[in-house]
Structure formats: C-alpha cells, structure tokens
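Engineer: Need coordinates for the following:
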Amino acid sequence: NVSKPGPKFKLIMRKVLLTIYFILAFFMMKSLVIADHANEPYCFNCMHKYKIGDKKNENFHKFEFNLQDNDLSKMVDEMISDKKTGLVSYLLWEKNIILVDQNRKSKYRGGYYPSHSVGKSLVGLVTGYALCGSYIDHTVFDRIDYPTVASTLYENQKLINLLNMQAGDDGIIGERLYRKDNPIRGKSPNTNTIPIKKVMKKYFKDKQHLGLEPGLTYNYSALTTNVIMNYAIYKTGVDWEKLLHKVFIEDAKVEKRVYFGKTLNKNKVGNRKSGEYGRYSFYAQRYDYLRIAKLILDHWNNDTCVGKYLKTMYENRVEKNEGVRNKFEGNHTATQSYGGQFHFDPIDIDRPILMMDGAYGQQVVIDFENDKIITAHSTDRHYDYYSLIYLQLNPDLFYKPNNVQDKRKKCREYVNETQFILRTC
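Structural biologist: Here you go, the predicted structure:
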C-alpha cells in the first residue's frame, strides 16, 4: 500500500509550488513591461520606397503662426522635454494659423517621421483620389475586379468592406482574434514585408471566409489595407506615381519629398520600378503631415469629389465593437467607429471628427466644424494623450492641475471630468 504524504512533504511541495508561481509571475510581468516600453527600430532605410516629389518642392503651402504661451503650450513643452514620454513633435493648427509648435531631435533622422498605421488612412485618401480620377471605374459599393486575389477570400469583395475593415479575414489575420494586425494567425510572418502576390498564393489561395462573411464584423488588419493599396496600383497602372504626385505635391503642397513604403526589403532584394509592391508605411516631415491633414479638411469643407468620398465613408462607417473604449491611450481606442480607413466618433463628442492613429503614439486629428488640426509624433506612447489631444476637442471638459506633486518622480496630477485623479510622469 502507498502511504499518504506526511505534513513535512506537503509543506515542502507547497513551498516548491509557490516558488514556481512567483518565478513565472516575475517573468510574465517582466515581459509585459518590456513589451510596453519596446521601441521599434527606426526603419526608414530598411525598405525600398515610392519617392514622391523632389527633395524640396516648389509652391509648397506656407503656414501662418501665432504661437501661444498658455497652459497647453507649457504642458507640451514639459512633455517634449521629458524624453521618457516619447513625444517628439506636437502641432496645433486652428483656422489657418499654427498656435502650438514644438519638437525635439529624435531617432527619426532627417526629420522623417514614420506613419505606422496613420499610413492606412493615407491609403484611404489615395483610394478616394483613384475613384475621383476614374482609375477605379466603379463605386465603393461595387465589387473589386483584381486578378491578384483570385481564388482567395478577397476575390469579388465590395470595396466598402475592405475600406471599413470588414473583409471577413478574421480567421487568418487581424486584431479581432489575434490581437495583432499584420502577422498570419498572430505569429508570423509580417505580411507588410512580403509582396501581395506571394502572400495571396502562400496563405490565402483557396481559403474561404471560415464562416465569417464580409461586411459583418470589424477586423483591423494591415493586410486589408495593403490589398486596397495594391488594387489601386493595379487600376492606375503606369499612372500610379502620377496619382501620388497629384495627391501630395499638387494638392497637399508638401514642402519635402514624402514616401510610401514597398514590400521589398533592401537587404534581401533589389528595387522594382513597377508591380504590386505597395505597403502603407509612410514617411514625411512634421509640417507635411499637417499639410496633408489640411488637404483632407479642405476637401471636406469644399464638398469636392474627394470631399464627397470622405463624407460617404463617414456616412457608411461601422461600429468597432472591440474591447473597451477609453480616452487615455490614443485615437484608436478613443473612437467608436471606422470608415474608409479612418477612425471616427470619439467618445462623448457628437460631431464629425476624422482621426488617424499609428503605433508608438502617432496621432492626426481633423475637427471639421472647428477648423482644427492636431498632430503628434512620438517614439513611444507614454505622453498624456488625454490632455494634449482629447481635451482639446471637447471644451465641455476641464483641466485642473493638482497642487500635490511628487517631486521625486516629477509627476503631474490632474483631475478629469469624472473627478478621477490621473498622473502623468
């Protein structure tokens, strides 16, 4: 007969199990902290790119300035001065005048800031231009005719479903099931680094919707954006770079050359002058992001063809229905709907505001009714988004500095509209 374990053995086993538990907990917490503070390597020179415009363009839009010395400008200065926040640039433009303008040197060499997922929204803008220029010879509600995606779940999709991130590709890629937007099934590879034809052939050929029909669920996916971009490249043909020149040089009137990335790694393959190699990654100077945002605002307010396209996207936006919305992390989580590759409907604000969001804190906000634009660029998402961006859109909320201050950590406390004390360090 096997004897029952005695009290001494049970005590030893309990200690062993507790030790294992605390070791596992330590490494899990460590990995979470590392993930939260991890900075993506600056990759401007990693990929081949579409070069748009000259190193310095003539006839660029010149801004007027009336820089303010107020609570907001002081707060921005404090956060930019503290490198731990990650904030490297902040611009507030209102009624044709720049009111706040601050930046510092960073790892973004030559002043070329990466868009990250802000580039998805710029693909949405370029798609509007392709429709208005009759390169895409159908409406957003019609199905795409794109040989590259034949025999995949993207074949014959309605363009509106792709623009609204409702492609039904949830089972293979995207944030809804896998919490990441670019790898296959949340693991690898990163589809931003692989030409679209190869991705379709290897991972999507003869794959169906796995029970998730297009047009039903919002699934934020990098690949969906790249399908749209490469469809525009296919439809424009030899005029693709001419179209990009029209958008950014002629209409946005950027000052410096801007770039869209290609799915071609410089260290592995040579460049290709033609072909479907579009990747939504975008690089531009800080003032040129503002010029592009102003272009969108002008289209909307002047009801141009592109303006009507933007309003169609707004009118046909879809609910995100994902996770908990909050006002403290960025435009992605502060908004409740999505349309045309743009974020809409920030919490508790009932007017048309178009928002863009990119990893590590890249933010673009366009408030149409108030003629206001805010841009923020950062190397990490540790600045006070709520105060610098969200509160600037909602005058009914208030900012109340708290006299209590932790001098050791140099933190600032403030009270939000729910009387909850927040701290930014």
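Engineer: Show me where the protein has its helices.
Structural biologist: With DSSP state H as the definition, the chain shows helices at residue ranges 7-37, 71-81, 118-132, 159-163, 175-178, 196-199, 222-236, 240-245, 286-302, 305-315, 331-334, 385, 391-393.
Engineer: right, so of those helices, which gets closest to K268?
Structural biologist: helix 196-199 (12.5 Å; C-beta to C-beta). Glycine gets a C-beta too; all of them are placed from N, C-alpha and C.
Engineer: who's in contact with N326?
Structural biologist: T333, A334, I347 (C-beta atoms under 8 Å, 6 or more residues apart in numbering).
Engineer: Repeat that for I98.
Structural biologist: By C-beta under 8 Å, 6+ apart, the neighbours of I98 are F63, E64, F65, N66, L67, L91, L92, L290.
Engineer: so how far is I173 from the last one?
Structural biologist: The one in question is L290. For L290, the distance to I173 equals 32 Å [C-beta to C-beta, to the nearest Å].
Engineer: So, low pLDDT: which residues of the stretch 101-250 of the chain?
Structural biologist: For the stretch 101-250 of the chain, the stretches flagged by pLDDT under 70 are 209-211.
Engineer: how many neighbours does the nearest residue to K180 once chain neighbours are set aside have?
Structural biologist: Spatial nearest neighbour of K180, chain neighbours left out: G186 (5.1 Å); criterion: C-beta to C-beta, 6 or more residues apart in numbering. Per other C-beta atoms under 10 Å, the neighbour tally for G186 reads 15.
Engineer: I'd like the numbering to begin with 31 instead of 1 from here.
Structural biologist: Sure thing, new numbering starts at 31, so read that last one as G216.
Engineer: My read is that G216 contacts E205, right?
Structural biologist: No. The criterion here is C-beta atoms under 8 Å, and G216 misses it with E205 at 9.0 Å.
Engineer: okay, and the common contacts of those two?
Structural biologist: Counting by C-beta under 8 Å, 6+ apart, nothing touches both G216 and E205.
Engineer: if we can go back for a sec, wait, which of the helices of the chain is closest to G245?
Structural biologist: With C-beta to C-beta as the yardstick, what comes closest out of these is helix 189-193 (4.8 Å).
Engineer: Tell me which residues are up against that closest one.
Structural biologist: 154, 157, 166, 168-174, 184, 197-198, 244-245, 254, 257-258, 261, 343, 346, 369-371.
Engineer: And it, how far out from the chain middle?
Structural biologist: 18 Å (C-alpha atoms, centre = their mean, to the nearest Å).
Engineer: again, but for stretch 113-129
Structural biologist: Using C-alpha atoms, centre = their mean, the offset of stretch 113-129 from its chain centre is 17 Å.
Engineer: averaged over its residues, what pLDDT does that stretch have?
Structural biologist: Across stretch 113-129, pLDDT averages out at 97.
Engineer: Need the distance between the two termini of that stretch.
Structural biologist: Distance between the two ends of stretch 113-129: 23 Å, counting by C-alpha to C-alpha, to the nearest Å.
Engineer: swap in stretch 300-317?
Structural biologist: Using C-alpha to C-alpha, first and last residues of stretch 300-317 are 31 Å apart.
Engineer: Buried residues in it, which are they?
Structural biologist: E306, Y307, G308, R309, Y310, S311, F312, Y313, A314, Q315, R316, Y317 (16 or more other C-beta atoms under 10 Å).
Engineer: picking that back up, most neighbours of all the contacts of N356, which one?
Structural biologist: A364 (26 neighbours).
Engineer: Surely that one is in contact with Y420?
Structural biologist: Yes. Here A364 lies in contact with Y420, judged by C-beta under 8 Å, at a distance of 6.0 Å.
Engineer: where do the contact lists of the two overlap?
Structural biologist: K357, F358, P376.
Engineer: Now the buried members of those residues.
Structural biologist: Buried, going by 16+ other C-beta under 10 Å: K357, P376, out of the shared contacts of A364 and Y420.
Engineer: Among the buried residues of stretch 300-317, name the ones in strands.
Structural biologist: If you go by DSSP state E, the buried residues of stretch 300-317 have G308, R309, Y310, S311, F312, Y313, A314 in strands.
Engineer: For the fourth one, give me its contacts.
Structural biologist: Contact criterion C-beta under 8 Å, 6+ apart gives M77, P144, S145, H146, G149, N222, F290, G291 as the residues in contact with S311.
Engineer: quick one on the thing from earlier: distance to K276 and pLDDT for the ones in strands among the buried residues of stretch 300-317 - can I get that in a markdown table?
Structural biologist: Converted to a markdown table, those look like this (distance: C-beta to C-beta, whole Å; pLDDT from 0 to 100):
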| residue | distance to K276 | pLDDT |
| --- | --- | --- |
| G308 | 16 | 97 |
| R309 | 20 | 97 |
| Y310 | 18 | 98 |
| S311 | 20 | 97 |
| F312 | 16 | 98 |
| Y313 | 19 | 98 |
| A314 | 16 | 98 |
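Engineer: So which of the contacts of S311 sit within strands?
Structural biologist: M77, P144, F290, G291.
Engineer: what about the third one, distance to K283?
Structural biologist: Here the distance between F290 and K283 works out to 18 Å (C-beta to C-beta).
Engineer: ditto for the first one
Structural biologist: Using C-beta to C-beta, we find M77 at a distance of 26 Å from K283.
Engineer: ok, now the second one?
Structural biologist: When distances are taken as C-beta to C-beta, P144 and K283 turn out to be 22 Å apart.
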